[in-house]
Structures are given as C-alpha cells and as structure tokens.
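# Let's see this in three dimensions:
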Amino acid sequence: MSLAGKTAIITGSNSGIGLGVARELAKAGADVVLNSFTDRDEDHTLAAEIGKETGTNARYIKADMSKGDECRALIEQAGACDILVNNAGIQHVSPIDQFPTDKWDAIIAINMNSAFHTTAAAMPMMRAAGWGRIVNIASAHGLTASPFKAAYVAAKHGVVGMTKTVALETAQEPITCNAICPGYVLTPLVEAQIPNTMKEYNMSREDVVKNVLLERQPSKEFATVEQLGGTTIFLCSDAAAQITGTTISVDGGWTAL
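Numbering: from 1, shown residues only. This next block holds a predicted model:
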C-alpha cells in the first residue's frame, strides 16, 4: 500500500529493528522521523540518505526515551504523527535478587513508559487527522518469559497490556493500536555477539545460531527487520482496519510451544 502523505515516527530508530522498520515505511511512501538519544552528524546523515533513496521527507530528532518530557517533545517537534512505532528498548540480564535497581528503572522507562508518553502525545494529532496507527514493538517476551530478564519481560508484558487498553479507547475511531512480538531478529547487535559466542561454546557459526541463539525459536531462522517492517505496513493498511488490540508474533513458532 502507499503511505504517501503520512508521517511516521519510529522511536529508537538509528539502528536495528527501528531503522529497518523506518526504511520500509519510507519505501511505502511515508515521511519518517528517526529518533535516538544521540545527536551525531551520522544520525542526521542517515535520515537524509533514507529521504534521498525513497523520495520522502526523512528527519532525525534527538530525544531520550527514558525521560517522559522528551518523549512528548519528540512528538510535538515532529509536528504530525499519523503512524507511531514505539520501538525503543534496552536489555539487561541478571537474577532478580541481583538485578541492579538502576537497570530495572531504565528498562521500565525506555521499554514501557516511553510508549505511554509518545502515545498520549500523538493521540490528539491522530484524532485531528481522522486516522492513526500505533504499532508497539513488543517481544515474544511480552507473551512468555525467560529467566534473568525480569525487567524486560515485565516491560514487554506491560506494552502488550497497554496496547489492548489503547485499542479499546479508540475502538470507535479510525485509529488502531497493535503490538508486534518478534522472536530473535538478526540485527547488527545480534550479529556482533556471534563470534564471541562461537569462542565461548567452541561451536561453528551455524551451531551457535541454531542451538544457542535460536534454541527457543522452532524455525531455527532469525526474523528480519524487513519482515517486521512489512508487518508494520500491513497493520497500517485498509486490510487491517479491524485489527486492533492484538499481538502479531513474528517469532518462528516460539510462542506456539
């Protein structure tokens, strides 16, 4: 579908999943706003390159997603928000009795609270425009759990719950709110972990991917950022106008177990 004339804001989008989703939205014709907490020349260059490649207006706006006022300022500074993709997130792995309080607070703030603030700020714009799509990038961990990931699992479950609430509040409006729940996705961050994991387990790359990283992913294949972008575009389409308040798993069968 064409998203020409729509403005999409994607949080945490100067790399990884967010960047992949932003690229796919721009390819579909949307003007995109990239975001992260840095404000480097390469951030703005990246947005300019996407705009040049797709013929869209692509911008970069710095905002720290751990701070509610900056989350809301991001939406206001963008000036319009037809499509909101709440993607920003961080991770920390630790037993709960050893989990650092500052890490817990940061994960809850960035992974969950930021979606509350951006959604609250974007809703009046969507209502004024008479159309809106909110896509929350949750996780398979928004539907199930793993040990040592208490904050991440709690935050992603919270995002799924908020998704349902926002959908009910907008059920009689041309605004939908859904969550995508990826399993393991091949991003530069994941790719960078593979060599060290190979050394740690004395395994080949193929064995590390299938038996360590993708142990819980039955397909034994990574999801791709392009697939997540395509799923986002589908949720923005007329075909998905009656899909709201639900989750779409892109996890190779993880949550079917």
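# Where is the longest strand in this structure?
In the chain, taking DSSP state E as the definition, the longest strand is strand 175-182.
# Distance from the next helix or strand after that strand to the middle of the chain?
Next helix or strand after strand 175-182 toward the C-terminus (DSSP states H and E): helix 188-201. Distance of helix 188-201 from the chain centroid (C-alpha atoms, centre = their mean, to the nearest Å) equals 23 Å.
# Quick check: Leu3 vs Val85, distance?
12 Å (C-beta to C-beta, to the nearest Å). All C-beta spots, glycine's among them, are computed from the backbone N, C-alpha and C.
# And these two? Which one has more around it.
Using other C-beta atoms under 10 Å as the criterion, Leu3 and Val85 rank with Val85 on top: 32 against 23.
# So that one is in contact with Gly12, correct?
No: using C-beta atoms under 8 Å, Val85 is not in contact with Gly12; the gap is 9.2 Å.
# what residues do these two have in common as contacts?
Gly18 (C-beta atoms under 8 Å, 6 or more residues apart in numbering).
# can you give me the offset of the longest strand of the chain from its chain's centre?
Distance, centroid of strand 175-182 to centroid of chain: 10 Å (C-alpha atoms, centre = their mean).
# packing partners for that strand?
Judged by 3 or more C-beta pairs under 8 Å, 6 or more residues apart in numbering; DSSP states H and E, strand 175-182 is in contact with helix 114-129, strand 132-137, helix 150-169, helix 225-236, strand 247-250.
# Can you show me the CA trace of the strand or helix carrying Gly51 as PDB?
In this structure, Gly51 is located in helix 41-54 according to DSSP H and E. What follows is helix 41-54, C-alpha atoms only, in PDB (Å, rounded to 0.1, in the frame of the first residue of the first chain):
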ATOM      1  CA  ASP A  41      26.200  14.100  12.300                       C
ATOM      2  CA  GLU A  42      25.800  10.500  11.200                       C
ATOM      3  CA  ASP A  43      22.300  10.300  12.700                       C
ATOM      4  CA  HIS A  44      21.100  13.200  10.500                       C
ATOM      5  CA  THR A  45      23.000  11.900   7.600                       C
ATOM      6  CA  LEU A  46      21.300   8.500   7.900                       C
ATOM      7  CA  ALA A  47      17.900  10.200   7.800                       C
ATOM      8  CA  ALA A  48      18.900  12.300   4.800                       C
ATOM      9  CA  GLU A  49      20.100   9.200   2.900                       C
ATOM     10  CA  ILE A  50      16.700   7.500   3.500                       C
ATOM     11  CA  GLY A  51      14.900  10.500   2.200                       C
ATOM     12  CA  LYS A  52      17.100  10.600  -0.900                       C
ATOM     13  CA  GLU A  53      16.700   6.900  -1.500                       C
ATOM     14  CA  THR A  54      12.900   6.900  -1.200                       C
END
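# So what are the sheet partners of the very next helix or strand once past that helix and their directions?
Per DSSP H and E, helix 41-54 leads on to strand 58-62 as the next helix or strand towards the C-terminus. Here strand 58-62 is paired, per DSSP bridges, with strand 31-36 (parallel).
# Just the angle for the strand it pairs with relative to helix 41-54, thanks.
Taking axes from the mean of the first three to the mean of the last three C-alpha atoms, to 10 degrees, strand 31-36 and helix 41-54 form an angle of 160 degrees between their directions.
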